[in-house]
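Peer 1: Give me coordinates for this.
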Amino acid sequence: MKRKQQILKTAAQLFKERGYAAVTMRDIAETMDIKAASLYNHISGKHELLAHLVLEVAHEFTTGMLEVKGLEVSAFAKAEKLIALHIKIALRYTNALAVMNTDWMHLEGVAYEEYSDLRKKYEHDFKTILEEGVTRGEFMSGNVDTMLFTLLSTLRSIYLWIPKKSQEDLQVLKAELPKLLLYGINAS
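Peer 2: Purely as a prediction, here's the structure:
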């Protein structure tokens with residue numbers, strides 16, 4: 001693994017465990033058993049680490065949403081795909097997803113603006129899919145903002161559940177979570 005990737009992995013773990021504000025560059029270096037000054041050969045500082053971690057995950061969501069939006073399937077099927085996307089990202093980027101969900105507000109400048117725009121666009125696209133489903137009778141008639149909030153609240157917290165579960169439990173999650181979340185709003 002390249003040094004910068006090791007630094008990012010360590011930072012993600014520490015940010016998840018302690019919170020971004022509580023972690024120093026010295027903490028990252030000590031965890032990696034290297035000198036703090038050597039970190040700066042690979043990164044400019046803690047803000048760069050946070051921006052990289054958060055934006056990498058945000059771009060994964062954006063790419064996934066674009067793929068789902070392009071499918072010629074029902075809104076219900078798109079919502080299922082988005083739930084699967086959240087599970088996939090949570091499994092692949094558990095620590096970085098935690099950092100994104102809990103520490104994004106520490107982003108600054110261009111990184112903050114980019115993340116904020118990506119998040120708003122993703123939420124808007126998800127809401128549009130739900131509205132489509134309500135209009136077509138695929139989802140029950142109701143407040144779409146409440147549906148979106150309920151879905152995203154659950155999906156954004158999957159990273160909390162994953163480290164505590166076995167591979168078998170994770171397979172059950174992949175199979176059952178879409179059903180549990182969507183059949184509750186399914187019109188049929």
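Peer 1: What strand or helix carries the residue sitting nearest the centre point of the chain?
Peer 2: Closest to where the C-alpha atoms of the chain average out (C-alpha atoms, centre = their mean) is residue 97, at 4.5 Å. Residue 97 is part of helix 94-103 when elements are defined by DSSP states H and E.
Peer 1: Report the inter-axis angle for the next helix or strand after that helix versus helix 94-103.
Peer 2: Next helix or strand after helix 94-103 toward the C-terminus (DSSP H and E): helix 109-135. Between the axes of helix 109-135 and helix 94-103, defined by axes from the mean of the first three to the mean of the last three C-alpha atoms, to 10 degrees, the angle is 90 degrees.
Peer 1: Show me where the protein has its helices.
Peer 2: 3-18, 25-32, 36-39, 46-69, 75-92, 94-103, 109-135, 144-156, 158-161, 167-182 (DSSP state H).
Peer 1: In this protein, what helix or strand scores lowest on average pLDDT?
Peer 2: Taking mean pLDDT, DSSP states H and E as the measure, helix 167-182 is the helix or strand of the chain with the lowest mean score, a mean of 84.
Peer 1: Give me the contacts around that helix.
Peer 2: With contacts defined as C-beta atoms under 8 Å, 6 or more residues apart in numbering, helix 167-182 is touched by 76, 79-80, 83-84, 87, 91, 139, 150-151, 154, 158, 161-162, 165. All C-beta atoms are positioned from the backbone trio N, CA, C, and that covers glycine.
Peer 1: For the residue nearest to the centre of the chain, which residues are in contact?
Peer 2: The contact partners of residue 97, by C-beta under 8 Å, 6+ apart, come to 57, 89, 90, 158, 159.
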